[in-house]
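[1] please find the sequence and the predicted model below.
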Amino acid sequence: MRKIILQLAVSLDGFIEGPNGEYDWCLTDQDYGMSSFLKKVDTLFMGRKSYDLAKSMPVAAEDPFMVKMSKIKQYVFSNSLKEDEVQEPFHLVSGDTVSWTKQYKQEKGKDIWLWGGASLTTSFMDHWLVDELVLAVHPILLGDGKPLFHGLKHRVRLDLKSSRKYPSGLVMLRYAIVND
């Protein structure tokens, strides 16, 4: 079965965005394992707010990251968007997203990258849909912002599978979800 991997950047104090939605604190001076990670996935899941953010990011089509992303199926989860409001290469998932996701995980393919946002991530965690967390912990304290997790319905035990420290101070942590 395919795994859903929540892979994202987080500040040392647990925020995924600054207090004004900013992400300028994220280190982009090197690859940080993204090229290797993208070889393991063939699908990207994101919520509506993350979709809005992705659409607004100015990135050239010939950017090496965007070339790799163009080969990945991309889904936006939203009950407020309509199909004609979602731009290619994204596809809309709405309604009973939990059942849809469980069925999608059973299909053949590589792993699935859950990129965000906070509401979708919390929902997936609450329904035990996430299999791994890969957290790029950045060496910064934001003090305020959007927390990685807010309002989880239950405790989630984690098993550390690997860690890697980069010269920049960024630490990449990979955890498996322990579903008792």
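    Structure's in. What do you need? Residues are numbered from 1 along each chain as shown.

[2] R155 sits in which helix or strand?
    If you go by DSSP states H and E, R155 is not part of any helix or strand.

[3] and V10, by the same measure?
    strand 4-11.

[4] for that strand, enumerate the helices and strands it packs against.
    strand 15-17, strand 111-116, helix 118-126, strand 132-138 (3 or more CB pairs under 8 Å, 6 or more residues apart in numbering; DSSP states H and E). In short, each C-beta sits where N, CA and C put it, glycine included.

[5] dump these to CSV, plus mean neighbour count and mean pLDDT.
    Output for those, formatted as CSV (neighbours: other CB atoms under 10 Å; pLDDT from 0 to 100):
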stretch, mean neighbour count, mean pLDDT
strand 15-17, 23, 94
strand 111-116, 24, 94
helix 118-126, 19, 93
strand 132-138, 20, 98
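
[6] can I get these in TSV including distance to R2?
    As requested, the helices and strands packed on strand 4-11 are arranged in TSV below (distance: least, CB to CB, whole Å):
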stretch	distance to R2
strand 15-17	24
strand 111-116	6
helix 118-126	14
strand 132-138	11
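
[7] contacting residues around G33?
    The neighbourhood of G33, defined by CB atoms under 8 Å, 6 or more residues apart in numbering, consists of 164, 172.

[8] the one 5 residues further on now?
    Under the criterion of CB under 8 Å, 6+ apart, the neighbours of L38 are 68-69, 72.

[9] let's see it at 7 Å
    K68 (CB atoms under 7 Å, 6 or more residues apart in numbering).

[10] and it, helix, strand or coil?
    Three-state assignment for L38 (DSSP: H, G, I helix; E, B strand; the rest coil): helix.

[11] separation between it and K110?
    According to CB to CB, to the nearest Å, L38 and K110 sit 10 Å apart.

[12] try I140
    Distance from I140 to K110, by CB to CB: 31 Å.

[13] local confidence estimate at the residue nearest to Q106 when sequence neighbours are not counted?
    Of all residues not flanking Q106 in the chain, M1 sits nearest, at 6.3 Å (CB to CB, 6 or more residues apart in numbering). pLDDT for M1: 89.

[14] and if you look at Y51?
    In this prediction, Y51 has a pLDDT value of 87.

[15] for it, which residues are in contact?
    Per CB under 7 Å, 6+ apart, neighbours of Y51: 76, 90.

[16] ramachandran coordinates for it?
    Backbone torsions of Y51, given as degrees, to the nearest 10, read phi -60, psi -50.

[17] make 41 the first number, not 1, from now on.
    With the count now opening at 41, the last piece we talked about shows up as Y91.

[18] and the gap between it and Y144?
    17 Å.
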